[in-house]
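[1] A structural model of the following input is requested.
(chains A and B)
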Amino acid sequence: MSQAFTKAMARNIFYGGSVFFFLLFLALTFDTHNAWPDRDNRAAINDSVSHGKALWEENNCVGCHSLLGEGAYFAPELGNAFQRLGGKDGIKGFIMSRPKDGIPGRRSMPQFDFSPEELDAIADFLEYVSGINTANWPPNIQG
Amino acid sequence: MQYKSQAVAKPYFIAAIGLFVGQILFGLILGLQYVIGDFMFPEIPFNVARMVHTNLLIVWLLFGFMGAAYYLVPEEAERELVSPGLALLMFWVFLVAGALTILGYLLVPYSGLAELTRNELLPTMGREFLEQPTITKLGIVVVALAFVFNIGLTILKGRKTVVSLVLLIGLVGLAVFFLFSFYNPDNLVKDKYYWWWVVHLWVEGVWELILGSILAFVLIKTTGVDREVIEKWLYVIIAMTLITGIIGTGHHFYWIGAPEYWQWWGSIFSALEPIPFFMMTVFAFNMVNRRRRNHPNKAAILWALGTAVMAFLGAGVWGFLHTLSPVNYYTHGTQITAAHGHMAFYGAYVMIVLTMISYAMPMLRGREAANSNRSQVLEMWSFWLMTVSIVFITLFLTGAGILQVYLQRFSADPLPFMVVQDKIALFYWMREVAGLVFLIGLLTYVASFFVGSREPEATVAVAEKA
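    Numbering: from 1, shown residues only, chains lettered A, B, ... in the order given. Next comes the predicted model:
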């Protein structure tokens, strides 16, 4: 690097640039918060949805599935499972039907032995997620 | 070794390597589960093996960073660590907490672990990479605080160099952004948004500062190039890292419910994220070419150059590949992401830790500057085996990803997820074979610590001939 460009100048670019862009990031985050009420389907969040989210987390569903494209890529995307599986009954039916010992040679979701109330909560949670405005992602119903 | 307290780095490095082996073994299990779906089911289901694989990676990299800091800071600050005892105590706390967490994953069903650790009091579990029980997360905070205190005070009391200052900023950032892992609202959109404040601002933010400062330290030591020159480079590189990387977080906000303007912010700034990595490559080769002495530790220099190249390829090129929002619309959450993740983590963070271990371990084991020639040759074999196999893992996953995107999302008649998975199984098999070669490389690496350790140290003249 040229001698005219000194270490002090490089240091100032680092500190100045970092602070400036972090502040810009905070400003955009603030604006994002203002935009969320119209996008994040918060009206749908109730006790059952919250319970469903807790079940989603405490059973590590994201360890195989993706949700809005984030998570593992071992099992199907679930952000649109509500539409793909045909509503709440489709979701519950699928979860209940998983064989305990898996399927020989193939990937299979474990049997979690959820209670009817828990199944409802999970389905409610996935219904809530399906109503989030994701800028039309995923590209089609297959996720 | 110039300062006695640098010795605390040794157990950190040994633990890092041990956990690295565990990480790769579980990686092979995962890879096999991709093609033999019921492998080890229901004893070790995919999600458990994956948690072990990713969490071990994070933990051993943290061990590596901490060991690197404990080795580097006394030399930079020109004084002993404030408290080597605290560093050793924290080593055991972190190791035991890490081991218990991994055993918890393996021995108890995850929901049972959540119950056992009272997750409902402060629910933080069950989110990707942040699967650790809340109590473990609190333990990580304690360890991080004690560590930053120890390192920070040593730096403040001693000589302050750019290398140690940048390292300290990186480490403080690491600790601060981890705190967002405790924020887990019911609103999934907010949850995801701030989850990235841990994950992205770590790996595409403050961790790059840690990477840059370790690389700068090793280059100063091995090339003898004037510190002023190297420090100027370091400033420019990390300036570009944060200028592009902070707003670059936006590339994770395209499809999770955030406003659509993030597609512009994210695309433009993350498209610039390869720049600091490219500069790092230019920097490393430049410094080695302008070296004022020949260091007898050829292996360490190979790792340093390898880091610069592979970080650029993995994080820079493979990141750019799918970062523009119109592309990401199709590739988001596919094997393309997995491909990028593997080469980026290996190239940037695995390799910088191995660079530091390669440089420091000979001294920690009582050598003057370098291992014997035989040991170094073996280490360099392991470098090539692991690096070439990660390139192939990445290429095979990229192939799988392109096919997946086409069949599942792009073609006129999109196929269901599982149908597509069957069609691309060949790529998963090839990835698994490349993974086996990686394991051979890793075992070769471990062996390099035992082979030739009684032989005389490599000298510059001998190393030159080899």
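[2] residue ranges with poor pLDDT in the chain?
    You didn't pick a chain, so chain A it is. For chain A, the stretches with pLDDT under 70 are A:1.
[3] sorry, I should have been clearer: chain B.
    B:461-466.
[4] closest to the centroid, which residue in it?
    By C-alpha atoms, centre = their mean, the mean C-alpha position of chain B lies nearest to B:Y349, the distance being 3.1 Å.
[5] for that residue, which non-adjacent residue is closest in space?
    Among residues not flanking B:Y349 along the chain, B:L61 sits closest, at 5.2 Å (C-beta to C-beta, 6 or more residues apart in numbering or on different chains). Placement of C-beta: from N, CA and C, glycine included.
[6] for the strand or helix carrying that neighbour, packing partners?
    If you go by DSSP states H and E, B:L61 is part of helix B:46-77. Packing partners of helix B:46-77 (3 or more C-beta pairs under 8 Å, 6 or more residues apart in numbering or on different chains; DSSP states H and E): helix B:9-35, helix B:84-107, helix B:110-116, helix B:134-157, helix B:162-178, helix B:207-223, helix B:351-364.
[7] the residue nearest to B:Y349 contacts B:A348, correct?
    No. Taking contacts as C-beta atoms under 8 Å, B:L61 lies outside contact range of B:A348: 9.9 Å.
[8] report how many residues lie close to the closest residue to chain A within the stretch 51-200 of chain B.
    When distances are taken as C-beta to the nearest C-beta, the stretch 51-200 of chain B reaches nearest to chain A at B:G126, 2.7 Å away. By other C-beta atoms under 10 Å in any protein chain shown, 25 other residues sit near B:G126.
[9] check contacts around it.
    A:W56, A:E57, A:E58, A:N59, A:N60, A:C61, A:V62, B:Y110, B:A114 (C-beta atoms under 8 Å, 6 or more residues apart in numbering or on different chains).
[10] re the thing from before, so how far is the helix holding B:L61 off the chain centroid?
    Computed by C-alpha atoms, centre = their mean, to the nearest Å, the chain-centroid distance of helix B:46-77 equals 8 Å.
[11] what's the angle from that helix to helix B:162-178?
    Angle of helix B:46-77 versus helix B:162-178, following axes from the mean of the first three to the mean of the last three C-alpha atoms, to 10 degrees, is 150 degrees.
[12] give me the angle between helix B:46-77 and helix B:9-35.
    Using the same axes, to 10 degrees: helix B:46-77 against helix B:9-35 is 150 degrees.
[13] now stretch B:453-460 - C-alpha only, CSV.
    Taking Å, rounded to 0.1, in the frame of the first residue of the first chain, the C-alpha atoms of stretch B:453-460 are listed here in CSV:
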residue,chain,number,x,y,z
SER,B,453,8.6,-35.4,17.9
ARG,B,454,12.0,-36.8,19.0
GLU,B,455,13.8,-35.7,15.9
PRO,B,456,15.7,-32.5,15.8
GLU,B,457,14.0,-29.2,15.0
ALA,B,458,13.7,-28.1,11.4
THR,B,459,16.1,-25.3,10.6
VAL,B,460,15.7,-22.7,7.9
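[14] contacts for it?
    So stretch B:453-460 is contacted by B:293-298, B:362, B:365, B:367-376, B:466 (C-beta under 8 Å, 6+ apart).
[15] narrow these to those in helices?
    Members of the contacts of stretch B:453-460 lying in helices (criterion: DSSP state H): B:K298, B:P362, B:N373, B:R374, B:S375, B:Q376.
[16] what's the closest of the residues you listed to chain A?
    Looking across the ones in helices among the contacts of stretch B:453-460 and measuring by C-beta to the nearest C-beta, the closest to chain A is B:K298, at 26.7 Å.
[17] re earlier: filter the contacts of stretch B:453-460 down to the buried ones.
    B:295-298, B:362, B:367, B:369-376 (16 or more other C-beta atoms under 10 Å in any protein chain shown).
[18] can you put the residues you listed in a markdown table and add distance to B:G266?
    Shown next, in a markdown table, are those (distance: C-beta to C-beta, whole Å):
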| residue | distance to B:G266 |
| --- | --- |
| B:H295 | 41 |
| B:P296 | 46 |
| B:N297 | 41 |
| B:K298 | 41 |
| B:P362 | 43 |
| B:R367 | 47 |
| B:A369 | 45 |
| B:A370 | 44 |
| B:N371 | 45 |
| B:S372 | 49 |
| B:N373 | 49 |
| B:R374 | 49 |
| B:S375 | 46 |
| B:Q376 | 43 |
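[19] hmm, which two among those residues are most spread apart?
    B:H295 and B:R374 (17.8 Å; C-beta to C-beta).
[20] what about the residue lying closest to A:P104 once chain neighbours are set aside, helix or strand, and which?
    Closest residue to A:P104 apart from its sequence neighbours, by C-beta to C-beta, 6+ apart: B:D38 at 6.0 Å. Under the criterion DSSP H and E, no helix or strand holds B:D38.
[21] for B:K232, same thing?
    Using DSSP H and E, B:K232 falls in helix B:227-248.
[22] if we can go back for a sec, give the contact list for the residue nearest to the centre of chain B.
    Contacts of B:Y349 (C-beta under 8 Å, 6+ apart): B:L61, B:V203, B:W207, B:L211.
[23] residues contacting the last one?
    Which is B:L211. B:T307, B:A311, B:A348, B:Y349, B:I352.
[24] ok, now how distant is the nearest residue to the first one once chain neighbours are set aside from B:L436?
    Spatial nearest neighbour of B:T307, excluding adjacent residues (C-beta to C-beta, 6+ apart): B:M351 at 4.0 Å. When C-beta to C-beta, to the nearest Å is the yardstick, B:M351 and B:L436 sit 20 Å from each other.
[25] quick one: which of those two has more around it?
    When B:M351 and B:L436 are compared for neighbours, B:M351 comes out ahead with 28 against 13, by other C-beta under 10 Å.
[26] isn't the more buried one up against B:W303?
    Yes. If you go by C-beta under 8 Å, B:M351 and B:W303 touch, sitting 6.2 Å apart.
[27] enumerate the residues of the stretch 201-350 of chain B near chain A.
    B:228-229, B:231-233, B:235-236, B:238-239, B:242-243, B:246-247, B:249-250, B:253-260, B:262-263, B:265, B:329-330, B:332-335, B:337-338 (C-beta under 8 Å from any C-beta of the partner chain).
[28] which of these are buried?
    Buried members of those, counted by 16+ other C-beta under 10 Å: B:229, B:231-233, B:235-236, B:238-239, B:242-243, B:246-247, B:249-250, B:253-259, B:262-263, B:265, B:329-330, B:332-335, B:337-338.
[29] distance check, B:G266 against chain A.
    10 Å (C-beta to the nearest C-beta, to the nearest Å).
[30] so what pairs up with the spatially most central residue of chain A in the strands?
    Geometric centre of chain A, nearest residue: A:L67, 3.8 Å, by C-alpha atoms, centre = their mean. Note on A:L67: beta-bridge partners by DSSP bridges are A:E70.
[31] before we move on, the earlier item: count of residues packed around the residue nearest to A:P104?
    16.
[32] tell me the contacts of it?
    Neighbours of B:D38 in contact, by C-beta under 8 Å, 6+ apart: A:G102, A:I103, A:P104, A:G105, A:R106, A:R107, A:S108.
[33] mind putting the helices and strands packed on helix B:46-77 into JSON lines with distance to B:E78?
    Converted to JSON lines, the helices and strands packed on helix B:46-77 look like this (distance: least, C-beta to C-beta, whole Å):
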{"stretch": "helix B:9-35", "distance to B:E78": "17"}
{"stretch": "helix B:84-107", "distance to B:E78": "16"}
{"stretch": "helix B:110-116", "distance to B:E78": "46"}
{"stretch": "helix B:134-157", "distance to B:E78": "10"}
{"stretch": "helix B:162-178", "distance to B:E78": "10"}
{"stretch": "helix B:207-223", "distance to B:E78": "14"}
{"stretch": "helix B:351-364", "distance to B:E78": "16"}
